[in-house]
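J.: Have a look at this prediction, sequence included:
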Amino acid sequence: MDGIKYVDDLIKEYFFFRGFSKTLSAFEEEQRSDPLNEFQVERVVDALFDHVEALELDRALALWQYLDSKYFSRLDNNLYRTVKRLEVSLKRYFVVQAITRGSNERALQFFREHADILSRSADWQPWFALPLMANPESQPGFEVFFSKDWAEKLHISMLNFMRTIFESVPLPQILLYKVDRQRRRQLEAENMSLQTQNESLRSQLENALLTSKSLSQQLRMMEDSPHVSPAPESSLRAKDYRLAESAAEAGKDADAGAIVSDDEPFTRTPTVRSTQSASYKGHANAVRCMDSAPDGLSFASGGSDRTLRIWTDESFPSNRAANILCDSAVTGVAWHSQNDERVAFGTEKGVVKVWDVETKQMAVDAKVDDSPCMISAMIAHPQNNSFAISLSPADGFGVGKMVYWDSRNAQAAGEVRIDPAGVHALSLSFNHNGSLLAAGGSDGRVRIYDVRTDSAIMAWPAHRAGVSCVRFSEDETVVLTAGHDGDIHEFSLRSVGQIACTHVLPRDSVKRALQHRVGVSLALFAGDRYFISSASGKTPLLFQRGMAPPLCS
C-alpha cells in the first residue's frame with residue numbers, strides 16, 4: 001500500500017487539470033476523514049487505542065464496525081472467531097482504562113448499555129462487579145488485565161491481525177504500477193540477454209565455418225603433396241565432418257547450445273552457456289555475503305571491510321550503485337522479495353539495516369536482539385515483508401536462534417531456538433511459499449522447520465563440518481547442501497537423510513574459502529537441473545544434478 005499517497009496526488013492533479021473543482025473538494029474531504037489512514041496498519045490500530053484510552057468507546061466501536069463491514073465479514077469462520085475475540089479484548093481494555101482513570105461511572109454506563117448482550121456470556125458475568133470493587137487491579141482473575149504487558153500484547157496482536165487482513169486485500173489496477181514497471185524491466189533484461197546470445201551464436205557459427213574451410217584446404221594440400229605422408233584420410237575427414245556438423249548444428253539448433261570438441265567423438269551434450277561475465281572490485285577484504293535483486297539488474301555484497309556495496313550491470317545504466325560504510329563487518333544480506341528498491345543487511349554486532357537504493361537513505365537501523373550476538377545468515381520471505389535471520393552468540397557458547405523479523409516495524413515477530421547450546425545456523429533457505437525453512441547448522445546438521453508452528457519437523461547429519469549453504473530444489477523433493485568439509489550433497493526429502501548424490505570440491509578451493517571466513521555457495525538455475533558452486537570466489541564450478549564430477553570450471 002506504499003503507493004496510495006502517490007496515486008491520490010495524481011488523481012487530485014488530474015481533477016485540477018480538468019477543472020473538476022467540486023469533485024476535487026469532495027475527494028479531499030473524503031481523504032481527511034479516511035478511517036483507514038491510507039491503509040497504514042499502525043495508524044489504524046493507534047486510532048482504535050487512542051479512542052479507547054480517551055474513553056471514547058463509541059468512536060472506537062464505530063471504526064471497528066466499519067472494518068467489520070468492509071473486511072472482517074468476508075473472512076472464513078475460523079478467522080472471524082479471532083475478530084470476535086479481539087473485539088471482546090478491546091471492550092475489556094476500555095473497562096480497565098475507565099477504572100484506572102477513576103471513571104467508574106463510565107464503566108457502569110458501558111455495562112448498562114450492553115447488558116443484554118454481555119449478560120449472555122459466562123466470561124463477562126464476573127466483570128459486572130468490577131466497577132464496584134475496591135482495588136480491582138489486585139483481585140485474582142483481573143490483575144492480569146491491569147498489567148502493562150497485557151495491553152502491549154493486545155496491541156501487537158491487533159497489529160499482526162490487521163496487517164494480515166490488509167495485505168490480502170486485492171489491489172486495483174492503478175496501484176499495480178510498480179509491478180508493471182518491474183515486469184517491463186525484466187522483459188528489457190530478457191531482450192538484451194537474447195540479443196547477446198544471438199550475437200554469440202552467430203560468432204560461433206562463423207568461427208566454425210572458417211575452421212572447417214581451413215582444415216579442408218590443409219587436407220587437399222597434404223593429399224596433393226608427394227613428399228609428405230598424409231595422415232589417414234578417415235581421421236582427417238572425421239575431424240572435418242565433426243567441425244562441419246558442429247557449424248550446421250549451431251545454425252539449426254541454437255537453443256540446444258551444443259559444444260563440440262576437436263578431440264572427442266561428436267555427441268550432443270546438454271551444456272549451459274554463459275553469454276557474459278564481469279569482475280567487480282572494491283572490497284578491501286573478504287566478501288562475506290551476497291544477494292541479487294528480484295529484477296536481476298542489481299546485487300549487493302557485504303564484506304569484512306565493514307562495507308555493503310550495491311553493484312549494477314553496466315548494460316543497464318542505473319543510479320543504484322552505492323558504498324555504505326558500517327561500524328562492523330557485514331555478515332548477512334538479503335534483498336526484499338516484494339520490493340526491489342530495498343535491501344536488508346546484518347552486521348557482526350547484531351544490527352539489521354535496510355537501505356533504500358532509490359532514495360539512497362537508510363530506512364531501518366535496529367538491533368535485532370538485546371543479547372550480544374552476530375548475524376550469521378538472513379533470507380527474505382518469498383511472499384511477505386519479513387526476513388528469517390540467524391543469530392549466533394557473540395562468545396560462541398550461548399544458544400543460537402532464528403528470528404522472524406518484520407522490516408516494516410523493525411520488530412521480531414517470533415523466534416526459534418536451536419538445540420544444543422553453541423550451535424547456530426550458517427545458512428537459511430525458504431521453500432517457494434515460505435511455509436518451510438531449511439537451516440544449515442554449524443554442527444553439520446540440516447534442520448527443516450515448519451514456519452507456522454516454529455517447530456523442527458525433520459533433521460539429519462549432512463556434513464563433517466558446518467553447513468555453509470542449503471537450498472531447496474525447485475520441485476522441493478531435494479535439498480542441496482554445501483559444507484566446510486568440501487562436499488556438496490543432494491538429499492532426497494522422500495527418504496530423510498539419504499544422500500542421492502555427492503559432489504566433491506577441489507581441496508585448495510575449500511582451504512582458501514575457510515581462510516577468508518567465507519563458505520561455499522550454491523546457485524540453482526535452468527529449472528534447477530544445474531547449479532554453480534564457488535568455494536573461493538575465484539572460479540565457479542558447474543554441476544549437473546545427479547552427476548558427481550563438475551561439467552566445467
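T.: Received it, and whenever you're ready, just let me know what you need.

J.: where are the low-confidence patches of this protein?
T.: By pLDDT under 70, the low-scoring segments of the chain are 1-4, 31-39, 168-179, 222-280, 313-317, 396-398, 504-553.

J.: show me the biggest helix of it in terms of residues.
T.: Taking DSSP state H as the criterion, the chain has its longest helix at helix 177-224.

J.: packing partners for that one?
T.: On a contact count with 3 or more CB pairs under 8 Å, 6 or more residues apart in numbering; DSSP states H and E, helix 177-224 meets helix 233-252. All C-beta spots, glycine's among them, are computed from the backbone N, C-alpha and C.

J.: Moving C-terminal from the helix it packs on, which element do we reach first?
T.: The helix or strand immediately downstream of helix 233-252 is strand 287-292, counting by DSSP states H and E.

J.: Can you name the next helix or strand after that following strand?
T.: Taking DSSP H and E, what comes next after strand 287-292 is strand 298-303.

J.: what residues does that following strand touch?
T.: 280, 283-293, 308-313, 318, 320, 329-333, 335, 340, 343, 345, 357 (CB atoms under 8 Å, 6 or more residues apart in numbering).

J.: partners of it, with directions?
T.: Neighbouring strands of strand 298-303 in its sheet, by DSSP bridges, are strand 287-292 (antiparallel), strand 307-312 (antiparallel).

J.: Leaving out the residues flanking it, which one is nearest to residue 440?
T.: residue 467 (2.9 Å; CB to CB, 6 or more residues apart in numbering).

J.: all strands for the stretch 401-550 of the chain, in order.
T.: 401-406, 411-417, 425-430, 436-441, 445-450, 455-461, 467-472, 478-483, 487-492, 498-504, 521-525, 530-534, 541-544 (DSSP state E, counting those that start in this stretch).

J.: Serialize those strands to TSV and add fields for distance to residue 62.
T.: Rendered in TSV, the data for the strands of the stretch 401-550 of the chain read as follows (distance: least, CB to CB, whole Å):
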stretch	distance to residue 62
strand 401-406	29
strand 411-417	29
strand 425-430	40
strand 436-441	41
strand 445-450	40
strand 455-461	41
strand 467-472	47
strand 478-483	52
strand 487-492	56
strand 498-504	60
strand 521-525	52
strand 530-534	57
strand 541-544	62
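
J.: May I have the secondary structure class of the closest residue in space to residue 312 that isn't next to it in sequence?
T.: Closest residue in space to residue 312, ignoring its immediate chain neighbours: residue 318 at 4.4 Å, by CB to CB, 6+ apart. Look at residue 318: counting by DSSP: H, G, I helix; E, B strand; the rest coil, its state is coil.

J.: Return the residues in contact with residue 318.
T.: Contacts for residue 318 (CB under 8 Å, 6+ apart) come out as 297, 298, 312.

J.: ok, the second one - how many residues close by?
T.: By the other CB atoms under 10 Å criterion, the neighbourhood of residue 298 contains 22 residues.

J.: and what of the first one?
T.: The burial count assigned to residue 297 is 19, neighbours taken as other CB under 10 Å.

J.: right, and it touches residue 189 too?
T.: Yes: Residue 297 is in contact with residue 189 according to CB atoms under 8 Å; the separation is 6.2 Å.

J.: In stretch 367-387, which residues are buried?
T.: 368-369, 373-381, 384-387 (16 or more other CB atoms under 10 Å).

J.: Repeat that for stretch 187-207.
T.: 189, 197, 200, 201, 204, 205.

J.: Kindly state the beta-bridge partners for the spatially most central residue of the chain.
T.: Among the residues of the chain, the one closest to the centroid is residue 380, at 2.0 Å (CA atoms, centre = their mean). Taking DSSP bridges as the rule, residue 380 bridges to residue 387.

J.: can you pull the contacts of it?
T.: 334, 335, 336, 337, 344, 386, 387.

J.: now it: how far from residue 295?
T.: According to CB to CB, to the nearest Å, residue 380 and residue 295 sit 14 Å apart.

J.: same deal with residue 368?
T.: 27 Å.

J.: Also residue 332?
T.: 21 Å.

J.: again with residue 498
T.: 37 Å.

J.: Neighbour count for those two, which is higher?
T.: For residue 498 and residue 295, the more surrounded residue by other CB under 10 Å is residue 295, and the numbers stand at 18 against 11.

J.: show me the contacts for the more buried one.
T.: Contacts of residue 295 by CB under 8 Å, 6+ apart are 182, 185, 186, 189, 340.

J.: Can you read off the backbone torsions of it?
T.: Main-chain torsions, residue 295, degrees, to the nearest 10: phi -80, psi -10.

J.: that older thread, for the buried residues of stretch 367-387, which two are the farthest from each other?
T.: 374 and 384 (25.2 Å; CB to CB).

J.: Could you find which two of the contacts of residue 295 are furthest from each other?
T.: Checked with CB to CB, the contacts of residue 295 reach their widest spread between 189 and 340, with 12.0 Å between them.

J.: got the contact list for residue 124?
T.: By CB under 8 Å, 6+ apart, the neighbours of residue 124 are residue 118.

J.: try residue 368
T.: Residue 368 sits next to 346, 350, 351, 352, 375, 389, 391, 403, 405, 412 when contact means CB under 8 Å, 6+ apart.

J.: Find the helix or strand that residue 162 is a member of.
T.: With DSSP H and E as criterion, residue 162 is part of helix 148-167.

J.: Who are the packing partners of that helix?
T.: Judged by 3+ CB pairs under 8 Å, 6+ apart, the packing partners of helix 148-167 are helix 41-53, helix 77-100.

J.: angle of it against strand 401-406?
T.: Relative orientation of helix 148-167 versus strand 401-406 (axes from the mean of the first three to the mean of the last three CA atoms, to 10 degrees): 60 degrees.
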